[in-house]
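**Student:** predicted model, plus sequence, below.
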2 protein chains.
Amino acid sequence: MPHNANNPSRKTWLEISEQTDFPIQNIPFGVFITKDYIVTIGTRIGDYVIDLGALHQLGYFDGIDLSDAVFLQDSLNDFISEGKKTWRLVRNRISDIFEINNPRLQENSKHKAASIFKIEDVEMQLPVDIGDYTDFYASKEHATNVGSLFRDPKNALLPNWLHLPVGYHGRSSSIICSGTPVIRPKGQSKPNESGVPGFGPSKLLDFELEMAFITTDANALGTPVPIEEAEDYIFGLVLFNDWSARDIQAWEYVPLGPFLGKSFASTISPWIVTLDALEPFRVEGPNQEPQPLPYLQHGENKSFDINLQVAIKPENQDETVVCNSNFKYMYWSMAQQLAHHTVNGCNIRSGDMMGSGTISGPTKDAYGSMLELSWRGQHPLKLNDGSERKFIKDHDTVIMRAYAQKNGVRIGFGECSGKVLPAL
Amino acid sequence: MPHNANNPSRKTWLEISEQTDFPIQNIPFGVFITKDYIVTIGTRIGDYVIDLGALHQLGYFDGIDLSDAVFLQDSLNDFISEGKKTWRLVRNRISDIFEINNPRLQENSKHKAASIFKIEDVEMQLPVDIGDYTDFYASKEHATNVGSLFRDPKNALLPNWLHLPVGYHGRSSSIICSGTPVIRPKGQSKPNESGVPGFGPSKLLDFELEMAFITTDANALGTPVPIEEAEDYIFGLVLFNDWSARDIQAWEYVPLGPFLGKSFASTISPWIVTLDALEPFRVEGPNQEPQPLPYLQHGENKSFDINLQVAIKPENQDETVVCNSNFKYMYWSMAQQLAHHTVNGCNIRSGDMMGSGTISGPTKDAYGSMLELSWRGQHPLKLNDGSERKFIKDHDTVIMRAYAQKNGVRIGFGECSGKVLPAL
């Protein structure tokens, strides 16, 4: 990447806070709706949202091969289909337009009025029309914790776990944008001694701290994606709360996996942070022993150092941070996940989403779910308002945040939040 | 349904065979491409394919509230979104247009030339853009066989099985139309004594005989669909081959369910047969003991008597029928599946697809997979050409067929076929 969009010394002429998640080095992509009900694709710098459809009509992307309507869409799918070369050209161009020494838009008040909104004046939408959503189970700490809680602490990891990134298909229709309330699901749970299953609102509602990556069209059906090419098909990442109803899940999931315990709602953050913006934060992943099969072996630094945080905010109370984790703890890299997903020929399309699975770290305060944090309810968490939590209560808001930081540059994801409403 | 589209004595002016799957009582919906590369929505009567886009432009659907472009689409999703009332009006109108005493199209050779094609002159496409695909596990015989083979014949059914329709999310991107070849998938399999997993082309490639139903928009996220309304949201059914690589599946599926053992390809038949066309074939389903929870209880005759058949055709040889089953064997009805799927608030959209799971009958020749037919390879099947099969070989074509028959009317599904090509 010869362009200097990631240069830490680059500044913008927009007035932004030093602590923002969205400096000029970020340039994420999202979809928003204006007060006039216009839906368009945008980026964000500081607390400004920039209408890329408007900038395109005004000629700011001249010289880049883009269709007229590529940004006048209610999803990023078409833009993502254009491929990595185009994403880079557009991100670099945006970086140049807002670079502090560039007068073109800076000094055109008419164009600025047509293309720049304050964040509080727009409503963020789901950024992609998600075709298929896959969830992995890629944190060794999480898999070990779950295995210890539900099976055998001495053999917590199942035999396949160290050999392949275990994954399963999830529900796309119920993926919602941060800020959308989540209605507590009803469902069946394990029978008591009478033998009749329980039924009613879930009593064990949980979050799962995850990240997810969004893909572009990667391969034709039947043709695997080689692991060294896998990252070329990753557009970017979002924060992801894979809400889970543990009681529903425990009763239903044998032998075919999670279903209604997950499919009532899954929340993602609205801004897709590109892999390009995360380049400076590459790190080596965990040591993999035994060595994976050749189709899962890759070069160095395929993990990313991204700080993750979860807070619980009871109604009318301050929030309490309950978890600090990091995306780098993930055992299986995104490249390994994508290579594994396609090794059987499965085709990956623009707008598909792949979740990491719960990202738990090595210490107890880094566990990425209430199941692990409260150790299945045995050790309730104390919140700042004095209340206790084993799982999530009605009217609680769960807020996830993520950022990477280095050389004074902070690349953040904003919030992934959702408030739980009582069951109908 | 006061209209007589299902009347067994109704005849068409088109010349069709008495044995066709597609009499005037069927009127299925599909998407086809002409020799001039025009993609449009059509129906089928006998061996004729009728271009509904052309008929609509020529005014044959006047009086029905339809947008101009509703049939000029590469998927049925928009039409399905119109809802049951519109599907009925359109199906009844088509029935009237082709009714033997109706001269309007019959005597207009220009209109006939513009709207009627021979089946061999078109290519069928996937009929819907499938958003989410769910697969159930709803045949008691199949679940019992699998439980006996892999676990304990005395406790073959898992504890949840009789209380809820077990289901899981599947992969939408790799669902293909009948006739598309299937490339044998590669993947990991269980380690031998060395501890290193196997890797290579699947050695245990199997079919699964299923039917699947296609839904319309049913509910907002958070709001369950009551069971007595569930059938209102079912547009129709297709035949479905849920190809399975047993060796890949066996190694990967614990604890989160099937993944790459399924997602390499899933084949559906091109014509969606409406629930209205299947009305005359309602029958009572299997007795359910214990009684399901109230949200899964429904009135009578929610099952359908549809004969199912699977044949294997080796390269350059005649086919051998290896299975005769029936859709009525399914323990959990489609209405129960849809009600269960939404009881947690999961939203169902137009174009979603729900598979039945393998439909095995009570006798050995009614088992719906090679796994069961060959009893995990212990009893190879003899084919008519003298060869034997434990599982599916390269260059074999698997052909599924389905029809319902009563009062001299046969409502068929055509074929759901796929030829297996060697691994890359």
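**Tutor:** Nice, thanks for sending it over.
**Student:** close to chain B: what parts of the stretch 251-400 of chain A are there?
**Tutor:** A:251-261, A:263-265, A:290, A:293, A:295, A:340-341, A:343-349, A:352 (Cβ under 8 Å from any Cβ of the partner chain). Backbone N, C-alpha and C define where each C-beta goes, glycine included.
**Student:** filter those to the buried ones?
**Tutor:** Buried residues within those, defined by neighbour count using 16 or more other Cβ atoms under 10 Å in any protein chain shown: A:251-253, A:255-261, A:263-265, A:293, A:295, A:340-341, A:343-349, A:352.
**Student:** ok, and the closest non-adjacent residue to whichever residue of the stretch 201-350 of chain A sits closest to chain B?
**Tutor:** Among all residues of the stretch 201-350 of chain A, residue A:257 sits closest to chain B, at 2.4 Å; criterion: Cβ to the nearest Cβ. Using Cβ to Cβ, 6 or more residues apart in numbering or on different chains and skipping the chain neighbours, the partner closest in space to residue A:257 is residue B:257 (2.4 Å).
**Student:** tally up the residues packed near residue A:36, please.
**Tutor:** 5 (other Cβ atoms under 10 Å in any protein chain shown).
**Student:** please, which helix or strand holds it?
**Tutor:** Residue A:36 belongs to no helix or strand when assigned by DSSP states H and E.
**Student:** which residues touch it?
**Tutor:** With contact set as Cβ atoms under 8 Å, 6 or more residues apart in numbering or on different chains, residue A:36 has no partners.
**Student:** where's it relative to residue A:72, distance?
**Tutor:** 14 Å (Cβ to Cβ, to the nearest Å).
**Student:** per-domain residue ranges of chain A.
**Tutor:** A:4-125, A:133-421 (automatic domain parsing).
**Student:** pick the most deeply packed of those domains.
**Tutor:** domain A:133-421 (a mean of 21; mean count of other Cβ atoms under 10 Å in any protein chain shown).
**Student:** so for that domain, mean pLDDT?
**Tutor:** When pLDDT is averaged over domain A:133-421, the result is 97.
**Student:** could you do stretch A:76-89 as well?
**Tutor:** On average, stretch A:76-89 scores 98.
**Student:** does that stretch come close to chain B?
**Tutor:** No - contact of stretch A:76-89 with chain B (Cβ under 8 Å from any Cβ) is absent, the minimum separation being 12.3 Å.
**Student:** kindly check the end-to-end length of that stretch for me.
**Tutor:** 16 Å (Cα to Cα, to the nearest Å).
**Student:** how about the residue of the stretch 201-350 of chain A closest to chain B, what does it touch?
**Tutor:** A:168, B:168-169, B:253, B:255-258.
**Student:** mind checking the SS state of it?
**Tutor:** Here residue A:257 is recorded as coil under DSSP: H, G, I helix; E, B strand; the rest coil.
**Student:** follow-up on the earlier one: and the domains of chain A as TSV, adding distance to residue B:119?
**Tutor:** Converted to TSV, the domains of chain A look like this (distance: least, Cβ to Cβ, whole Å):
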stretch	distance to residue B:119
domain A:4-125	33
domain A:133-421	25
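**Student:** ok, which of these comes nearest residue B:149?
**Tutor:** domain A:133-421 (12.3 Å; Cβ to Cβ).
**Student:** ok, the residue of the stretch 1-150 of chain A found nearest chain B - how many residues close by?
**Tutor:** Of all residues in the stretch 1-150 of chain A, residue A:132 sits closest to chain B, at 5.2 Å by Cβ to the nearest Cβ. By other Cβ under 10 Å, 28 other residues sit near residue A:132.
**Student:** check contacts around it.
**Tutor:** A:169, A:172, A:349, A:352-353, B:171-173.
**Student:** cool, and residue A:10?
**Tutor:** A:4, A:24-25, A:95, A:99-100.
**Student:** out of the residues you listed, who's near chain B?
**Tutor:** Of these, not one also sits near chain B (Cβ under 8 Å from any Cβ).
**Student:** just the ones of those in helices?
**Tutor:** residue A:95 (DSSP state H).
**Student:** how about the contacts of residue A:10 in a markdown table, adding distance to residue B:357 and pLDDT?
**Tutor:** Output for those, formatted as a markdown table (distance: Cβ to Cβ, whole Å; pLDDT from 0 to 100):
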| residue | distance to residue B:357 | pLDDT |
| --- | --- | --- |
| A:4 | 55 | 91 |
| A:24 | 53 | 98 |
| A:25 | 50 | 98 |
| A:95 | 51 | 98 |
| A:99 | 57 | 98 |
| A:100 | 61 | 98 |
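**Student:** that older thread, would you reformat the contacts of residue A:257 as CSV and include distance to residue A:363?
**Tutor:** Formatted as CSV, the contacts of residue A:257 follow (distance: Cβ to Cβ, whole Å):
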residue, distance to residue A:363
A:168, 27
B:168, 33
B:169, 33
B:253, 31
B:255, 25
B:256, 26
B:257, 30
B:258, 34
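**Student:** hang on, residue A:343 packs against residue B:201?
**Tutor:** No - contact criterion Cβ atoms under 8 Å: residue A:343 and residue B:201 do not qualify, at 11.4 Å.
**Student:** what sits in contact with each of the two?
**Tutor:** With Cβ under 8 Å, 6+ apart, residue A:343 and residue B:201 have common neighbours residue B:186.
**Student:** for the stretch 101-250 of chain A, what lies in contact range of chain B?
**Tutor:** A:131-132, A:134, A:137, A:158-160, A:163-164, A:166-174, A:176, A:183, A:185-188, A:191, A:195-197, A:199, A:221-224, A:245, A:248.
**Student:** next step: the residues you listed restricted to helices.
**Tutor:** Per DSSP H, those map to helices at residue A:248.
**Student:** among the residues of the stretch 101-250 of chain A next to chain B, which are in strands?
**Tutor:** Of those, the ones assigned to strands by DSSP state E are A:134, A:167-170, A:176, A:183, A:186-188, A:199, A:245.
**Student:** out of the residues you listed, which is nearest to residue A:46?
**Tutor:** For these, the nearest to residue A:46 is residue A:176 (25.6 Å; Cβ to Cβ).
**Student:** surely that closest one meets residue A:263?
**Tutor:** No - at 11.8 Å, residue A:176 does not count as touching residue A:263 under the criterion of Cβ under 8 Å.
**Student:** what strand or helix carries residue A:311?
**Tutor:** strand A:307-313.
**Student:** so which elements touch that strand?
**Tutor:** When contacts are defined as 3 or more Cβ pairs under 8 Å, 6 or more residues apart in numbering or on different chains; DSSP states H and E, strand A:307-313 packs onto strand A:209-215, strand A:320-326, strand A:397-406.
**Student:** those: which one's closest to residue A:377?
**Tutor:** strand A:320-326 (14.4 Å).
**Student:** of the buried ones among the residues of the stretch 251-400 of chain A next to chain B, which belong to helices?
**Tutor:** Those of those lying in helices (DSSP H): A:251-252, A:340-341.
**Student:** pipe these into a markdown table and attach distance to residue B:365 per row.
**Tutor:** Shown next, in a markdown table, are those (distance: Cβ to Cβ, whole Å):
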| residue | distance to residue B:365 |
| --- | --- |
| A:251 | 35 |
| A:252 | 32 |
| A:340 | 38 |
| A:341 | 37 |
